[in-house]
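1. no sequence on this one, just coordinates:
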Ligand code: MEV
């Protein structure tokens, strides 16, 4: 029998009441475990209230490391990039790669376009030509319907780009849509787009047009950015440069040929991308979903990066969609997101797209370089060593000794545990 009591009106309970309910229903009445929750409460009441109000039923804060990767040169400008990520090697890799490319011209980036998309999905069983006539007649009124909502955005140079009627009946019987394109300048634009779409749907519907839903699309294949690095093949590696450059290229070809590898390859790219997207208070789920759809745009899931070796020159680039904002959403409300944007020199959304794409390209460069030379575990386990030592409850002095001990040895959990025991017994 289920012994967990039903919590009714849970969201209205106080934080203490919620925690008490968790203790009696899920934590074996062990109230000591709740000290973990309270140790992450901010002493500053206003700051805690701010976090409590981001979502419902907040009982504590989940803290991730906030790191920075210096020495990035993007289009000739120096950046220190903020990254929020728990994976030990990501920031170290970003910093190394930034330094590596900083004396080879740095990263070159370009915005391809910044078009956002929203759709009114509806069902219509009547004559298609009558629908087209209705759409063409009413189209100016659809723009009128959003006049108020778009005033400020238009002042900033944005607004609705176009409203199109799309026949989707080949994919689903009776299914049509209004496909609306937007320019949202420095905001990610989710609320703006959804408000416009609902107003458009209201103005458009009639008795034989059944609106199912109106919502932005997180697939924005025309909101894309490209970041690139290039150098002479001979500058890439200290030894056997041509051999290793070829292996690097083969790694990319494998990611383009095989989905299991492609997913891991792109996951490594997202290590860099998500970390900056999170640090700047942007929606990493939207970015993830859109990036993976883009990676499948040919009908086959492939690499987001590409590489070319021609006439002794190595060129490596990424192209992906990034719907980001530097105003609105969490960007100003979350103190750390605001700090990140200050650190980046208060970039426009276009500039942030270029920084984020660079972080993704840098991660992929680091991963492929490691994978095709020393193997990934060499660097990964070195970085993970500290985590293993923390897990084993080594103190700072013991950590220092064991890090020095493993400098020229292979790190594994078992090897570290054995060495730690030996250290404690004075037999290392
Ligand atoms: C680990 O988080 C990311 C990598 O697996 C990426 C890759 O294999 O390209 C190292």
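-> Noted; the coordinates are in hand. All of these numbers come straight from a predicted model, not from anything done at the bench. Residues are numbered from 1 along each chain as shown.

2. how about the residue lying closest to residue 62 once chain neighbours are set aside, what does it touch?
-> Nearest in space to residue 62, with sequence neighbours left out and distances taken as Cβ to Cβ, 6 or more residues apart in numbering, is residue 40 at 7.5 Å. All C-beta atoms are positioned from the backbone trio N, CA, C, and that covers glycine. Listed by Cβ atoms under 8 Å, 6 or more residues apart in numbering, the contact set of residue 40 reads 60-63.

3. Pull out the buried members of these.
-> If you count burial by 16 or more other Cβ atoms under 10 Å, the buried members of these come out as residue 60.

4. With pLDDT as extra columns, can I get the contacts of residue 40 in CSV?
-> Shown next, in CSV, are those (pLDDT from 0 to 100):
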residue, pLDDT
60, 97
61, 97
62, 97
63, 96
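
5. Could you check which residue of the stretch 201-350 of the chain lies nearest the ligand?
-> residue 268 (2.6 Å; Cβ to the nearest ligand atom).

6. can you check the stretch 51-200 of the chain too?
-> Closest point on the stretch 51-200 of the chain to the ligand, by Cβ to the nearest ligand atom, is residue 87, at 5.6 Å.

7. count of residues packed around the residue nearest to that residue when sequence neighbours are not counted?
-> Spatial nearest neighbour of residue 87, excluding adjacent residues (Cβ to Cβ, 6+ apart): residue 271 at 6.2 Å. By the criterion of other Cβ atoms under 10 Å, residue 271 has 24 neighbours.

8. Against residue 86, how distant is residue 271?
-> 10 Å (Cβ to Cβ, to the nearest Å).

9. Equivalent analysis for residue 283, please.
-> The value you get for residue 283 to residue 86, if Cβ to Cβ is used, is 19 Å.

10. which one of those two has more residues nearby?
-> Applying other Cβ under 10 Å to residue 283 and residue 86 shows that residue 283 carries more neighbours, namely 19 against 10.

11. show me the contacts for the more buried one.
-> Contacts of residue 283 (Cβ under 8 Å, 6+ apart): 188, 190, 277, 323, 329.

12. Of all pairs in those, which one spans the longest distance?
-> Taking Cβ to Cβ as the measure, the contacts of residue 283 span a maximum distance of 14.1 Å, between 190 and 277.

13. what would the contacts of residue 283 look like in a markdown table with distance to the ligand, pLDDT and secondary structure?
-> Below are those laid out as a markdown table (distance: Cβ to the nearest ligand atom, whole Å; pLDDT from 0 to 100; DSSP: H, G, I helix; E, B strand; the rest coil):
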| residue | distance to the ligand | pLDDT | secondary structure |
| --- | --- | --- | --- |
| 188 | 26 | 94 | coil |
| 190 | 28 | 95 | helix |
| 277 | 16 | 98 | helix |
| 323 | 24 | 98 | coil |
| 329 | 27 | 86 | coil |
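
14. Now render those residues as JSON lines, adding distance to residue 130 and neighbour count.
-> What follows is the contacts of residue 283, written out as JSON lines (distance: Cβ to Cβ, whole Å; neighbours: other Cβ atoms under 10 Å):
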{"residue": "188", "distance to residue 130": "37", "neighbour count": "26"}
{"residue": "190", "distance to residue 130": "33", "neighbour count": "20"}
{"residue": "277", "distance to residue 130": "45", "neighbour count": "25"}
{"residue": "323", "distance to residue 130": "35", "neighbour count": "28"}
{"residue": "329", "distance to residue 130": "41", "neighbour count": "20"}
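
15. Looking at the residues you listed, spot the one nearest residue 348.
-> Closest to residue 348, out of all of the contacts of residue 283 and judged by Cβ to Cβ, is residue 188, at 12.6 Å.

16. How about that closest one, nearest residue that isn't a chain neighbour?
-> Closest residue to residue 188 apart from its sequence neighbours, by Cβ to Cβ, 6+ apart: residue 325 at 3.4 Å.

17. SS state for that neighbour?
-> At residue 325 the chain is in coil, as set by DSSP: H, G, I helix; E, B strand; the rest coil.

18. Contacts only, for it.
-> Residues in contact with residue 325 (Cβ under 8 Å, 6+ apart) are 184, 186-189, 282, 331, 349.

19. What separation do you get for it and residue 204?
-> Residue 325 is 27 Å from residue 204, by Cβ to Cβ.

20. Tell me which of the contacts of residue 325 fall in helices.
-> If you go by DSSP state H, these have 331, 349 in helices.

21. Output the contacts of residue 325 in a markdown table, with distance to residue 382 appended to each entry.
-> Output for the contacts of residue 325, formatted as a markdown table (distance: Cβ to Cβ, whole Å):
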| residue | distance to residue 382 |
| --- | --- |
| 184 | 43 |
| 186 | 40 |
| 187 | 41 |
| 188 | 37 |
| 189 | 42 |
| 282 | 31 |
| 331 | 35 |
| 349 | 37 |
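
22. From the contacts of residue 325, which shows the smallest pLDDT?
-> Lowest pLDDT among the contacts of residue 325: residue 331, with 89.

23. That residue contacts residue 342, doesn't it?
-> No - the criterion here is Cβ atoms under 8 Å, and residue 331 misses it with residue 342 at 10.9 Å.

24. And these two? Which one has more around it.
-> More neighbours surround residue 331 than the other of residue 331 and residue 342, with 22 against 10 (other Cβ under 10 Å).
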